[in-house]
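Colleague: Okay, predicted coordinates and the sequence, questions at the end:
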Amino acid sequence: MVLNYIWISFFIIAFVVALFRLVLMGDATVFPAMMDGTFEMSKKAFEISIGLTGILSLWLGVMKIGERGGVINALARGLSPVFSRLFPDVPKGHPVTGSIFMNIAANMLGLDNAATPLGLKAMEQLQTLNRKKDTASNPMIMFLVLNTSGLTLIPVSIMAYRAQLGAEQPTDIFIPILLATFFSTLAGIVVTSIYQKINLLNLKVLFALLGACAMVSAIIWGFGQMDKQQINLFSTSVANILLMSIIVAFILAGVWRRINVYDTFIEGAKEGFQTAVRIIPYLVAILVGVAVFRASGAMDLVVGGIRWAVAVCGGSTDFVEALPTALMKPLSGAGARGIMIDTMTTYGADSFVGRLSCIFQGSTDTTFYVLAVYFGSVGIRHTRHAVACGLLADLAGVVAAIGICYLFFA
């Protein structure tokens with residue numbers, strides 16, 4: 001229901017803004033630009049879905065081997081003490097716990113192509129536990145918020161873009177991104193727990209959160225001892241080695257259990273094709289809405305209004321030029337990436353605005369895209385408090401990014 005209102009709002013606001021530009025400013029290009037955006041994003045949605053087919057087939061096939069080989073169940077048992085608190089409605093030791101962990105681990109390493117099919121698999125497993133098949137359950141919402149908060153340990157792609165655009169130290173945003181995304185994820189867990197009345201004041205949960213804080217601190221310290229070449233080499237190597245290790249470990253587990261590994265892989269891979277086809281309408285809807293909103297000039301009006309409000313309050317407006325990246329990120333990852341690159345090109349990769357734009361890009365994930373794809377893949381129509389929790393986590397990430405950027409680079 002919330003998505004319905006948001007989607008309608010995109011079109012109504014965009015139409016009003018475009019009409020204003022046409023009648024009062026004589027801008028005859030606005031409506032053609034909006035229509036071009038609808039056609040372009042419809043095509044883009046289809047291309048994304050088709051592009052995901054091979055990746056989904058690969059990873060859902062590997063996951064099926066992991067299920068039959070007992071690896072997913074082993075992960076579920078190991079994580080049960082903590083996950084049983086965050087996901088109290090999921091039975092202890094259920095295989096979905098292992099799938100959730102695999103998805104979160106892939107997101108933390110910035111492995112977008114691997115994270116999406118793992119997340120879709122986890123959402124399908126959560127749907128089997130859902131009593132109301134068209135309504136998001138509490139575990140689904142908690143899982144979605146963990147995704148949209150965008151916890152990323154190694155932002156390889158952002159560092160690569162900075163290097164291409166001539167940044168003197170492409171890795172100087174690594175620690176700020178790590179801190180901002182950590183605060184975003186922490187806020188997402190707390191807010192969702194409040195909505196779902198989950199008690200986080202539990203020894204095991206507190207121990208896990210403190211452990212996560214310690215791990216983040218250790219990573220910050222470790223990467224702080226390296227130069228940019230070492231960081232790029234280490235982060236890329238770890239990601240690729242981990243991915244291949246997972247595939248080989250799942251296959252070996254299947255051999256150990258004496259299952260037909262090849263047939264099991266094919267069985268899981270077939271699900272990948274079906275899932276890719278199923279998400280096409282949801283992608284078309286959300287990407288077209290975003291394209292119309294942006295092409296109408298409504299996004300520019302929002303940024304201009306924020307700049308005026310900050311100036312009236314006597315605050316620094318240095319950060320405002322980077323806000324389009326933050327505003328676009330919940331709507332479209334590709335759109336936010338394009339704005340980030342444009343910001344660095346316009347103001348310089350090493351400018352305050354250029355760096356802040358990169359931190360925005362790395363601090364959260366594409367909330368509406370993830371919501372549309374994940375919920376759409378299992379036919380969820382009523383999202384309950386998922387959008388509110390996801391956006392509050394995004395807001396925490398944006399506020400943290402601004403404060404951290406002023407601390408590091410002002």
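Modeller: Okay, I see it. It should be emphasised that the depicted structure is a prediction, and the values quoted were computed from it without experimental measurement. Numbers count the residues shown, from 1 in each chain.
Colleague: Excluding residues flanking it in the chain, which one is nearest Ile404?
Modeller: Pro176 (4.7 Å; C-beta to C-beta, 6 or more residues apart in numbering). Where you see a C-beta, it was placed from the backbone N, CA and C, and this is true even at glycine.
Colleague: what residues are up against the one you found?
Modeller: By C-beta atoms under 8 Å, 6 or more residues apart in numbering, the contact list for Pro176 reads Arg355, Ile359, Ala401, Ile404, Cys405, Phe408, Phe409.
Colleague: Name the residues of the helix or strand harbouring it that are buried.
Modeller: Per DSSP states H and E, Pro176 falls inside helix 174-196. Neighbour-count burial for helix 174-196 flags 174-193, 195-196 (criterion: 16 or more other C-beta atoms under 10 Å).
Colleague: Report the buried residues of stretch 373-391.
Modeller: Using 16+ other C-beta under 10 Å as the test for burial, stretch 373-391 gives 373-378, 380, 383-391.
Colleague: and the next element down the chain from the helix holding Pro176?
Modeller: Counting by DSSP H and E, the next helix or strand C-terminal to helix 174-196 is helix 203-224.
Colleague: and the angle from that next one to helix 174-196?
Modeller: Relative orientation of helix 203-224 and helix 174-196, computed by axes from the mean of the first three to the mean of the last three C-alpha atoms, to 10 degrees: 170 degrees.
Colleague: rewinding a little: now, which of the contacts of Pro176 sits nearest Leu209?
Modeller: Ile404 (19.7 Å; C-beta to C-beta).
Colleague: ok, that closest one touching Phe182?
Modeller: No - counting by C-beta atoms under 8 Å, Ile404 sits too far from Phe182 to count as a contact (10.3 Å).
Colleague: which residues of the stretch 1-150 of the chain score low on pLDDT?
Modeller: Confidence mapping of the stretch 1-150 of the chain against pLDDT under 70 gives the ranges 1-3, 48, 52, 56, 72, 75-80, 106, 108-114, 150.
Colleague: re the thing from before, how far off centre is the helix holding Pro176?
Modeller: Helix 174-196 sits 12 Å away from the centroid of its parent chain (C-alpha atoms, centre = their mean, to the nearest Å).
Colleague: do the same with stretch 94-101
Modeller: Relative to its chain's centre, stretch 94-101 lies at 19 Å (C-alpha atoms, centre = their mean).
Colleague: Please write out the alpha-carbon positions of that stretch in PDB.
Modeller: This file holds the C-alpha atoms of stretch 94-101, laid out as PDB (Å, rounded to 0.1, in the frame of the first residue of the first chain):
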ATOM      1  CA  HIS A  94      15.800 -23.100   9.900                       C
ATOM      2  CA  PRO A  95      17.800 -23.100   6.600                       C
ATOM      3  CA  VAL A  96      16.800 -19.500   5.900                       C
ATOM      4  CA  THR A  97      19.200 -18.300   8.700                       C
ATOM      5  CA  GLY A  98      22.100 -19.600   6.600                       C
ATOM      6  CA  SER A  99      20.800 -17.900   3.500                       C
ATOM      7  CA  ILE A 100      20.400 -14.600   5.300                       C
ATOM      8  CA  PHE A 101      24.000 -14.800   6.600                       C
END
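Colleague: one step back: give me the subset of the buried residues of stretch 373-391 lying in helices.
Modeller: Here DSSP state H is the test, and the buried residues of stretch 373-391 give Val373, Tyr374, Phe375, Gly376, Ser377, Ala386, Val387, Ala388, Cys389, Gly390, Leu391 as lying in helices.
Colleague: got those residues as JSON lines, with pLDDT and distance to Asp300 columns?
Modeller: What follows is these, written out as JSON lines (pLDDT from 0 to 100; distance: C-beta to C-beta, whole Å):
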{"residue": "Val373", "pLDDT": "82", "distance to Asp300": "27"}
{"residue": "Tyr374", "pLDDT": "87", "distance to Asp300": "30"}
{"residue": "Phe375", "pLDDT": "88", "distance to Asp300": "30"}
{"residue": "Gly376", "pLDDT": "84", "distance to Asp300": "29"}
{"residue": "Ser377", "pLDDT": "83", "distance to Asp300": "33"}
{"residue": "Ala386", "pLDDT": "89", "distance to Asp300": "28"}
{"residue": "Val387", "pLDDT": "87", "distance to Asp300": "24"}
{"residue": "Ala388", "pLDDT": "89", "distance to Asp300": "26"}
{"residue": "Cys389", "pLDDT": "90", "distance to Asp300": "28"}
{"residue": "Gly390", "pLDDT": "89", "distance to Asp300": "24"}
{"residue": "Leu391", "pLDDT": "89", "distance to Asp300": "21"}
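Colleague: For Trp256, state which of these is nearest.
Modeller: Ser377 (31.1 Å).
Colleague: So that closest one sits against Leu120, correct?
Modeller: Yes - look at Ser377 against Leu120 with C-beta under 8 Å: they come within range, at 5.2 Å.
Colleague: okay, the contacts of Pro176 in CSV with distance to Gly297 next?
Modeller: Output for these, formatted as CSV (distance: C-beta to C-beta, whole Å):
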residue, distance to Gly297
Arg355, 27
Ile359, 26
Ala401, 25
Ile404, 30
Cys405, 27
Phe408, 33
Phe409, 30
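Colleague: Now for these, which sits with the most neighbours around it?
Modeller: Neighbour counts for the contacts of Pro176 peak at Ala401, which has 32 neighbours (criterion: other C-beta atoms under 10 Å).
Colleague: That one is in contact with Ile359, isn't it?
Modeller: Yes - Ala401 is within contact range of Ile359, at 4.4 Å (criterion: C-beta under 8 Å).
Colleague: which residues do these two both contact?
Modeller: Joint contacts of Ala401 and Ile359 (C-beta under 8 Å, 6+ apart) are Pro176, Ala180.
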